[in-house]
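Student: Just to be clear, the model below is a prediction. Sequence and coordinates:
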Amino acid sequence: MSRYIHKSHNVSVLLYHLVCVAKFRQIIFDNSVDRELKNVCLELAKRYEIYFVEIGVDKDHAHFLIQSVPTYSPTKIARIVKSITAKQIFKRIPSLKEEMWGARFWTNGYFINTVGKNRTETTIKQYIKNQDGSTKYTKIHEAQLKLM
């Protein structure tokens with residue numbers, strides 16, 4: 001569960017559900033892409049005050065349950081996650097860029113929603129896991145929050 005982040009002038013628990021869709025809704029997520037996405041996100045968390053509570057993928061999109069700090073707007077969080085993951089995945093899996101016709105990794109848009117600490121975090125995790133019934137959800141990362 002989420003923990004409060006204590007900074008010099010504020011205490012917060014800010015959670016976001018971010019959904020990013022692959023360009024052209026192309027089915028790109030497989031074990032190798034999943035592994036690299038997870039690795040990139042965990043490296044990203046070390047450089048930015050963005051902590052990945054859970055990452056899940058479906059065939060053509062990814063869900064991120066993220067905790068961050070008040071100085072990062074939802075737009076900034078989405079921009080950081082989308083730009084760094086795209087650049088690094090293409091760098092680590094060059095054949096994927098060819099497979100996507102040299103296009104961008106993610107679509108231009110995204111979905112982001114705030115998540116309440118009490119009960120809603122669990123509800124969002126359940127939604128991510130059971131979002132479509134017809135597709136197989138694959139959890140590629142889960143952790144306890146630890147930003148402080």
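Tutor: Here it is on my side, so go on. Residues are numbered from 1 along each chain as shown.

Student: Run through the residues that contact residue 141.
Tutor: Applying Cβ atoms under 8 Å, 6 or more residues apart in numbering to residue 141 gives the contacts 38, 41, 42, 52, 54, 55. Glycine gets a C-beta too; all of them are placed from N, C-alpha and C.

Student: Which helix or which strand is home to it?
Tutor: Using DSSP states H and E, residue 141 sits in strand 138-142.

Student: Then residue 28?
Tutor: Counting by DSSP H and E, residue 28 is found in no helix or strand.

Student: ok, back up a step: among the contacts of residue 141, which one lies nearest to residue 90?
Tutor: The shortest gap between residue 90 and any of these belongs to residue 41, at 15.2 Å (Cβ to Cβ).

Student: Helices - which of the contacts of residue 141 land there?
Tutor: Counting by DSSP state H, these place 38, 41, 42 in helices.

Student: helices and strands around the biggest helix by length in the chain, which ones?
Tutor: Longest helix in the chain, counting residues (DSSP H): helix 74-92. Applying 3 or more Cβ pairs under 8 Å, 6 or more residues apart in numbering; DSSP states H and E, we find helix 74-92 packed against strand 14-21, helix 31-47, strand 50-57, strand 61-68, helix 94-99, strand 111-115.

Student: List the buried residues in that helix.
Tutor: Using 16 or more other Cβ atoms under 10 Å as the test for burial, helix 74-92 gives 74, 77, 78, 80, 81, 82, 84, 85, 86, 88, 89, 90.

Student: Could you work out the end-to-end span of stretch 88-99 for me?
Tutor: Using Cα to Cα, to the nearest Å, the end-to-end distance of stretch 88-99 comes to 16 Å.

Student: Can you tell me the closest non-neighbouring residue to the spatially most central residue of the chain?
Tutor: A centroid search over the chain (Cα atoms, centre = their mean) returns residue 64, at 2.9 Å, as the residue closest to the centre. Counting by Cβ to Cβ, 6 or more residues apart in numbering, residue 18 is the residue found nearest to residue 64 once chain neighbours are left out, at 4.4 Å.

Student: Good, we can wrap up now.
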